[in-house]
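1. fold the following for me, if possible:
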Amino acid sequence: MESLGWQAWVTLATIVAMVVALVREVARPDLIFLGTLGVFLLSGVLTPKEAFAGFSNEAVLTVAALFVVAAGLQRTEALSFLDRILFPRKPSVERAIFRLGFIVAPLSGFLNNTPVVAMLMPRVQRWAERHNIAPSKLLIPLSYITVGGGLITLIGTSTNLVVSGLLIQAGLPGLKLFDLTWIGLPLAIVVVAFLTLVGHRLLPDRRRDQSPFEEGLKECLFELRVTAKGPLEGKTIEEAGLRALGEAYLVHIRRSGRVIPAAPEQVLQGNDILVFVGSARMIDRLLEREGLERALPSVEEKTQQSLPLFEAVVAPSSNLVGKTLREVQFREQYGGVVLGIQRQGQRIIGSLGRIPIQAGDLLLIEARNGFDRRWNARRDEFYLVAPRRGERPHPRTRHAPIALAVFGSMIVLAGIFGVSLITAAFVAALGMVVTRCLSGSEARQALDMQVLVVIAASLGLGQAVSRSGLAEWIGHGLVLLTQSLGPLATVGGILLATMMLTEVLSNNATAALMVPIALSVANEMGLDPRMLAVVVAVGASAAFMVPFGYQTHLMVMSAGGYRFMDYVKVGVCLDVLVFVVSLSLIALMWL
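-> Below you'll find the predicted structure:
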């Protein structure tokens, strides 16, 4: 083997320092990558044109456009119709994981994994809690299924686009939309099958500990209004699906000053006030149904956001004690709207605004940001005010069909008509804004600049590994170690190295390091460079063993109450399966 030149030694030392910095989390990943590019520039390993070429690469621009497309689907809740087929009527962990795989894996093939998990995680949690199933049995499978599904197409994950961008940067044709499908689809099926049959048995049955506030709000009195001329008007309580609600029940109806018992055959009328008792979590769930609306107006009528919710315990010295909410003019005096009341050891019956408040009552209050800081600063009114739910935007459900049409058009243009992926994604992102599925400011907020900077800098990193001679040197060493065992062993070595590296580094950084090495091996051994590029894409995405291997793994960690070893138990098995199945498919299709 030829000795390394000074550029290669500088590149190697800089990459080692970068890996240490990433593992020790000394700074944000994007800053570490930019610092690495800075070293390459100062040392002369890269020219400015080479270092910053990644910022104009199609991969970066495509990922940016896909962020906007995914945000449009999320903002309009265009995928909420999947709830009907996502969860089985007969509760079962196996059935739930199988259905998640059947729906989520194909979905992740066309959407970034992070928004998919963000959209589905609360739905999975609610379904699990409603059927007395530990969310810990479902949330790691949700994350792992999205990772497996991301391999089905080129746009399933940003790592695939980075690999394609590096191929283009090397003067080779980039990957097409379905170039990964021949290996990605079987791997996704294997991941779903393993999690359905075996994986969930390795996961803990760990229930989420509820806070004292959540415990105290299980017998909360709250009110909703039947929308005038809405879909529930003219239906009976039973037909409207308001009988078997699980965590809440309809106590009675208030209509024009009269109190009407909530009999199943009672017909609902527009502007009826429905009085419920049960978990405060049911307020949001019931408001998701068409035909129900808030009984009281918000503090801010024309806001595009749902204001935060707070929980407040009434102090004995409070001006509220012995008075009703109407008498104290709570909205004007306290700057909030009481949505529910819970009284310890006693069930409250009556109109929310006409119930005399007692010390110790727990109030569910909608108010502007800062309500908790304002009232916690003085303890005469409330013992404690704690945030329950942050501010969130109102979904634009009327635009959901438009968002689905825009998304579908992007897939058809790129997959059937052969339009370049960057063109299809950019037009779709523009379509989301033009059709008002997203506002301009929301589109800007959808751009994850840290991810985009890491991807662009990763492409510069790949340039340094290639131009310095380091990739050729490492590739030649790998060939010498494995050539006596045949090309399959060489491919297996690249795949194993990529899978191990991606557990420590980010997926995109791993791809940037390994693609130049894979291309060098392909050149020396006469192998198809696109095949080895696909191998790197698979290995860089196969991060199942540790929670920080993939962003979605961290997203579900707290919600599922997971510990480090929970990931290891399932992840090691999946890594072995992915390695064996991938090599088998490569041997069958390419070698």
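
2. how about the helices in the stretch 101-250 of the chain?
-> Assigned by DSSP state H, counting those that start in this stretch, the stretch 101-250 of the chain shows helices spanning 113-130, 139-149, 158-169, 181-197, 212-216.

3. most packed of those helices?
-> Comparing the helices of the stretch 101-250 of the chain by mean neighbour count (mean count of other CB atoms under 10 Å), helix 139-149 ranks first with a mean of 29. Placement of C-beta: from N, CA and C, glycine included.

4. who are the packing partners of that helix?
-> Helices and strands touching helix 139-149, by 3 or more CB pairs under 8 Å, 6 or more residues apart in numbering; DSSP states H and E, are helix 93-108, helix 113-130, helix 181-197, helix 551-560, helix 564-589.

5. the ones you listed: which one's closest to residue 439?
-> helix 113-130 (17.2 Å; CB to CB).

6. just to revisit the earlier point, could you export the helices and strands packed on helix 139-149 as JSON lines, including distance to residue 271 and mean pLDDT?
-> Shown next, in JSON lines, are the helices and strands packed on helix 139-149 (distance: least, CB to CB, whole Å; pLDDT from 0 to 100):
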{"stretch": "helix 93-108", "distance to residue 271": "38", "mean pLDDT": "90"}
{"stretch": "helix 113-130", "distance to residue 271": "29", "mean pLDDT": "78"}
{"stretch": "helix 181-197", "distance to residue 271": "47", "mean pLDDT": "94"}
{"stretch": "helix 551-560", "distance to residue 271": "38", "mean pLDDT": "76"}
{"stretch": "helix 564-589", "distance to residue 271": "50", "mean pLDDT": "91"}
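
7. please identify which of these is closest to residue 340.
-> helix 113-130 (18.1 Å).

8. as CSV, the helices and strands packed on helix 139-149 with distance to residue 489 would be great.
-> What follows is the helices and strands packed on helix 139-149, written out as CSV (distance: least, CB to CB, whole Å):
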stretch, distance to residue 489
helix 93-108, 30
helix 113-130, 31
helix 181-197, 18
helix 551-560, 30
helix 564-589, 10
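
9. wait, which of the ones you listed is closest to residue 341?
-> helix 113-130 (23.0 Å).

10. so residue 497 sits against residue 514, correct?
-> Yes. In this structure, residue 497 is within contact of residue 514 by CB atoms under 8 Å, at 6.9 Å.

11. need the overlap of contacts for the two.
-> residue 539 (CB atoms under 8 Å, 6 or more residues apart in numbering).

12. so which bits of stretch 521-537 are buried?
-> Using 16 or more other CB atoms under 10 Å as the test for burial, stretch 521-537 gives 521-522, 524-525, 527, 529-537.

13. and residue 70, which of the helices and strands packed on helix 139-149 is closest to it?
-> Judged by CB to CB, the one of the helices and strands packed on helix 139-149 that comes nearest to residue 70 is helix 113-130, at 4.2 Å.

14. give the other helices and strands that the closest one contacts.
-> Looks like helix 113-130 contacts helix 58-76, helix 83-86, helix 93-108, helix 139-149, helix 551-560 (3+ CB pairs under 8 Å, 6+ apart).

15. want to throw the ones you listed into JSON lines with distance to residue 15?
-> Converted to JSON lines, those look like this (distance: least, CB to CB, whole Å):
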{"stretch": "helix 58-76", "distance to residue 15": "20"}
{"stretch": "helix 83-86", "distance to residue 15": "42"}
{"stretch": "helix 93-108", "distance to residue 15": "30"}
{"stretch": "helix 139-149", "distance to residue 15": "25"}
{"stretch": "helix 551-560", "distance to residue 15": "22"}
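
16. the strands in the stretch 151-300 of the chain, which residues?
-> 220-226, 248-255, 258-261, 273-278, 292-294 (DSSP state E, counting those that start in this stretch).

17. so which of those strands comes closest to residue 158?
-> Of the strands of the stretch 151-300 of the chain, nearest to residue 158 by CB to CB is strand 292-294, at 39.3 Å.

18. give me the residues contacting that closest one.
-> Under CB under 8 Å, 6+ apart, the answer for strand 292-294 is 224-227, 230, 232, 274, 286-287, 339.

19. shaky segments in the protein?
-> Scanning the chain for pLDDT under 70 picks out 1-3, 207-218, 298-306, 345, 389-395, 548, 591.

20. domain assignment for it?
-> Per automatic domain parsing, the domain ranges recorded for the chain read 219-278, 305-393.

21. end-to-end on the shortest one?
-> One end of domain 219-278 sits 4 Å from the other (CA to CA, to the nearest Å).

22. before we move on, the earlier item: mind checking which of the strands of the stretch 151-300 of the chain is nearest residue 176?
-> strand 292-294 (46.8 Å).

23. adjacent strands (with direction) for the closest one?
-> strand 220-226 (antiparallel) (DSSP bridges).

24. what angle separates the partner strand from strand 248-255?
-> 50 degrees (axes from the mean of the first three to the mean of the last three CA atoms, to 10 degrees).

25. before we move on, the earlier item: include secondary structure when you put the buried residues of stretch 521-537 into JSON lines, please.
-> Listed next are these as JSON lines, based on DSSP: H, G, I helix; E, B strand; the rest coil:
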{"residue": "521", "secondary structure": "helix"}
{"residue": "522", "secondary structure": "helix"}
{"residue": "524", "secondary structure": "helix"}
{"residue": "525", "secondary structure": "helix"}
{"residue": "527", "secondary structure": "coil"}
{"residue": "529", "secondary structure": "helix"}
{"residue": "530", "secondary structure": "helix"}
{"residue": "531", "secondary structure": "helix"}
{"residue": "532", "secondary structure": "helix"}
{"residue": "533", "secondary structure": "helix"}
{"residue": "534", "secondary structure": "helix"}
{"residue": "535", "secondary structure": "helix"}
{"residue": "536", "secondary structure": "helix"}
{"residue": "537", "secondary structure": "helix"}
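
26. ok, so of the residues you listed, who is nearest residue 403?
-> residue 537 (28.2 Å).

27. any idea how far the closest one is from residue 162?
-> Distance, residue 537 to residue 162, by CB to CB, to the nearest Å: 8 Å.

28. overlap in contacts of the two?
-> In contact with both residue 537 and residue 162: residue 511, using CB under 8 Å, 6+ apart.

29. tell me, how many residues neighbour residue 554?
-> For residue 554, the tally of surrounding residues (other CB atoms under 10 Å) stands at 13.

30. could you find the closest non-adjacent residue to it?
-> residue 547 (5.7 Å; CB to CB, 6 or more residues apart in numbering).
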